[in-house]
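Chemist: here is my input, please return the structure:
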Amino acid sequence: MSAHGTAQPMTARKSGPLQGTALVPGDKSISHRSLIFGAMALGETKVTGLLEGQDVLDTAKAMQAFGATVTRHGLGEWSVLGVGVGGFQEPADLIDCGNSGTGVRLIMGTMATSPMTVTFTGDASLRKRPMGRVTEPLAGFGTQAYGRKGGRLPMTVVGAAGAKGIRHTLKVASAQVKSALLLAGLNATGETVVIEREPTRDHSERMLLGFGAQVNVEKSAEGNIITLTGQPQLRAQSVAVPRDPSSAAFPVCAALLVEGSDIFVPGVSQNLTRNGLYLTLVDMGADIEFQNPRTEGGEPVADLRVRFSDNMKGIEVPPERAPSMIDEYPILSVVAACATGKTVMRGVKELRVKESDRIDAMARGLEACGVTIEEDEDTLIVHGLGAGNVPGGATCATHIDHRIAMSFLVLGMASKNPVSVDDASPIATSFPIFESLMTGMGARLTRENH
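Modeler: Okay, the predicted model is just below:
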C-alpha cells in the first residue's frame with residue numbers, strides 16, 4: 001500500500017524510438033527555496049516555473065501556516081507575500097511535509113530561531129528518515145527537538161528566543177543540513193558559519209544573495225567556509241525556476257537506452273553542484289550535446305540534445321562526484337546495466353537514508369531483472385550486459401520512492417521483457433507529468449488494474 005493512497009502498479013515495455021521535446025518540470029530544490037525565502041522576505045515574491053509536485057505543494061501549505069500569503073496564478077506561476085525575517089507566526093496545527101526530506105529539514109531550520117513550538121510529521125517514508133542530522137546542529141542555537149526513537153518524525157521542535165550565530169562543521173555532505181543552518185542563522189544575531197568539507201548543491205547561498213542577505217563563501221583547506229550575517233532584511237524577488245536536472249535525468253537516460261531515440265530537453269539547470277550524472281554519462285560514451293549555455297534566475301542552464309548510445313562502457317565513478325549526483329545513482333545504475341562492462345559507484349552510503357534504502361532497492365530490482373550486482377554499505381557495482389541485453393521481466397518494489405519507480409520504468413523501456421513497479425503513485429511528489437511526458441515521446445507505459 002502506498003503512503004499516497006491506493007498503490008498504482010505500472011508497467012513499461014520495450015519502446016520504439018523516443019522523439020520530441022521533453023519539457024521537464026521546474027527544479028525541486030529551487031522551488032522549495034523560492035517559497036521559503038519568499039515567505040521570509042518583505043514584499044511580494046513572484047515565481048515562474050515552480051514545480052507543482054506534491055513535495056513543493058506541501059511546502060507552500062507550510063509557509064501559509066507560518067503566516068505568509070501563497071497564491072497560485074497559473075501553471076507554475078505563484079506569488080508569496082512574505083512576513084520578513086523573524087516574522088513567522090506559530091502554526092495552529094502540525095506541519096505535514098508529506099514525502100519531502102528537503103521540505104521538512106529546511107522548514108525546521110527556518111523556524112528554529114523563532115520562539116515557537118511546531119510539530120512536524122510526514123508520510124510513512126518520511127517518518128523513517130533521520131532528522132537528528134538537522135536537529136543536533138540546530139541545538140547550537142538553543143533549539144530543542146523531541147521526536148521518536150532515532151530522531152524520527154513525528155517531531156516537536158521548540159525554537160530558540162534571542163539566538164546567537166554559531167560555527168558548525170558538517171559531519172555529512174548534505175545541502176539540506178547546510179541550508180537549515182543558514183536559514184536558522186537568518187534570525188540569529190551575529191554571524192553563522194557553516195563549514196562543508198565536500199561541496200554540496202549551493203542553491204541556498206545563491207538565492208540568499210539574490211534576496212539581499214550577506215553571504216560569503218571562502219574556499220580553504222578545511223573546505224568551503226560559508227559565513228552568513230544574521231538578521232538581514234530580505235527583499236522580495238522574481239524567481240525563474242530552471243528545469244530540474246534530477247527529473248531531466250529520466251527522459252535523458254531513456255533516450256540513451258532506447259534504440260533510435262533522439263530528443264531535445266531545453267532549459268536544464270547545469271549548476272556545478274548538480275551535474276555529476278551528466279559528466280558521468282559523457283564519460284561512459286553518451287551522445288549528449290549541451291547547447292545554448294546561459295544564465296537564468298542566477299543559475300546556469302543549457303539545452304540538451306540526446307541520442308541513443310549503444311556503445312556506452314562501464315566506468316569507475318569518481319566518489320567525489322557523489323554529492324553532485326546523489327539523487328541520480330538509481331537511474332545511473334539502470335544505464336550501467338545497459339552499458340558494457342562494470343560500473344563502480346563508491347561513496348554512496350547516503351543513498352541508504354533517502355526516501356528508501358536506494359542501494360538495496362536498486363540492487364534487488366536489478367537482480368530480479370537478470371543483472372549481476374555487488375554491494376556493501378558504501379558501494380554499488382553493476383555488471384553491465386550491453387545495450388538491449390537486459391532480460392527484465394520482473395515486478396520491482398518501489399518502497400514509496402519516486403526515483404526508484406521512475407528508474408525501473410526506464411529500464412522496462414529498454415529491456416527484452418516488460419518491467420513493472422508495484423506502485424508508481426510516489427512519482428507525483430517530484431515529476432507529476434512523468435507518465436504523459438514519456439508516453440508523448442513514444443514510451444510504452446501502462447497502468448495495471450488490481
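
Chemist: Ala213 sits in which helix or strand?
Modeler: If you go by DSSP states H and E, Ala213 is not part of any helix or strand.

Chemist: any idea how far it is from Gln19?
Modeler: To Gln19, Ala213 is 44 Å away according to C-beta to C-beta, to the nearest Å. The C-beta positions use only the backbone N, C-alpha and C, and glycine is treated the same way.

Chemist: burial of Phe264, as a residue count?
Modeler: Using other C-beta atoms under 10 Å, Phe264 has 17 other residues around it.

Chemist: contact partners for the residue of the chain most remote from its centre?
Modeler: Largest separation from the mean C-alpha position in the chain: Gly162, at 32.6 Å (C-alpha atoms, centre = their mean). Contact analysis of Gly162 by C-beta atoms under 8 Å, 6 or more residues apart in numbering lists Thr189.

Chemist: please repeat the previous calculation with a cut-off of 7 Å.
Modeler: By C-beta atoms under 7 Å, 6 or more residues apart in numbering, the contact set of Gly162 is empty.

Chemist: where's it, which helix or strand?
Modeler: Using DSSP H and E, no helix or strand contains Gly162.

Chemist: residue ranges for the strands of the stretch 51-200 of the chain, please.
Modeler: 69-74, 77-83, 95-96, 117-121, 144-148, 152-158, 167-169, 191-196 (DSSP state E, counting those that start in this stretch).

Chemist: residues contacting the shortest one, please?
Modeler: Which is strand 95-96. Outside strand 95-96, the residues that touch it by C-beta under 7 Å, 6+ apart are 58, 62, 65, 107, 118, 120-122.

Chemist: of those residues, which is the nearest to Gly370?
Modeler: Checking the contacts of strand 95-96 against Gly370 with C-beta to C-beta, the nearest one is Gly122 at 35.1 Å.

Chemist: any idea how far the closest residue to the closest one other than its chain neighbours is from Arg444?
Modeler: Spatial nearest neighbour of Gly122, excluding adjacent residues (C-beta to C-beta, 6 or more residues apart in numbering): Cys97 at 4.7 Å. Cys97 sits at a distance of 34 Å from Arg444 (criterion: C-beta to C-beta).

Chemist: swap in Gly147?
Modeler: Remark: distance between Gly147 and Arg444 (C-beta to C-beta) = 44 Å.

Chemist: then Gly210?
Modeler: According to C-beta to C-beta, Gly210 and Arg444 sit 42 Å apart.

Chemist: just Pro266 next, same as before
Modeler: Here Pro266 is placed at a distance of 24 Å from Arg444 (C-beta to C-beta).

Chemist: and Ile427, by the same measure?
Modeler: Using C-beta to C-beta, Ile427 is found at 17 Å from Arg444.

Chemist: try Asp401
Modeler: Distance from Asp401 to Arg444, counting by C-beta to C-beta: 23 Å.

Chemist: compare the two (neighbour count), which wins?
Modeler: Asp401 (24 against 16).

Chemist: mean neighbour count, distance to Val282 and mean pLDDT added to the strands of the stretch 51-200 of the chain, as a markdown table?
Modeler: Shown next, in a markdown table, are the strands of the stretch 51-200 of the chain (neighbours: other C-beta atoms under 10 Å; distance: least, C-beta to C-beta, whole Å; pLDDT from 0 to 100):
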| stretch | mean neighbour count | distance to Val282 | mean pLDDT |
| --- | --- | --- | --- |
| strand 69-74 | 13 | 36 | 98 |
| strand 77-83 | 20 | 34 | 98 |
| strand 95-96 | 22 | 40 | 98 |
| strand 117-121 | 19 | 40 | 98 |
| strand 144-148 | 15 | 42 | 97 |
| strand 152-158 | 19 | 39 | 98 |
| strand 167-169 | 15 | 33 | 98 |
| strand 191-196 | 21 | 26 | 98 |
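
Chemist: just send those back as a markdown table, with distance to Ser356 too.
Modeler: Output for the strands of the stretch 51-200 of the chain, formatted as a markdown table (distance: least, C-beta to C-beta, whole Å):
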| stretch | distance to Ser356 |
| --- | --- |
| strand 69-74 | 30 |
| strand 77-83 | 30 |
| strand 95-96 | 20 |
| strand 117-121 | 19 |
| strand 144-148 | 18 |
| strand 152-158 | 15 |
| strand 167-169 | 28 |
| strand 191-196 | 25 |
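
Chemist: which one of the ones you listed lies closest to Lys28?
Modeler: Per C-beta to C-beta, nearest to Lys28 of the strands of the stretch 51-200 of the chain: strand 77-83, 14.4 Å.

Chemist: packing partners for the closest one?
Modeler: Judged by 3 or more C-beta pairs under 7 Å, 6 or more residues apart in numbering; DSSP states H and E, strand 77-83 is in contact with helix 28-40, strand 42-48, strand 69-74.

Chemist: save these as CSV, and put in distance to Gly386 too.
Modeler: Putting the helices and strands packed on strand 77-83 into CSV (distance: least, C-beta to C-beta, whole Å) gives the following:
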stretch, distance to Gly386
helix 28-40, 33
strand 42-48, 43
strand 69-74, 46
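
Chemist: no further queries at this time; thank you.
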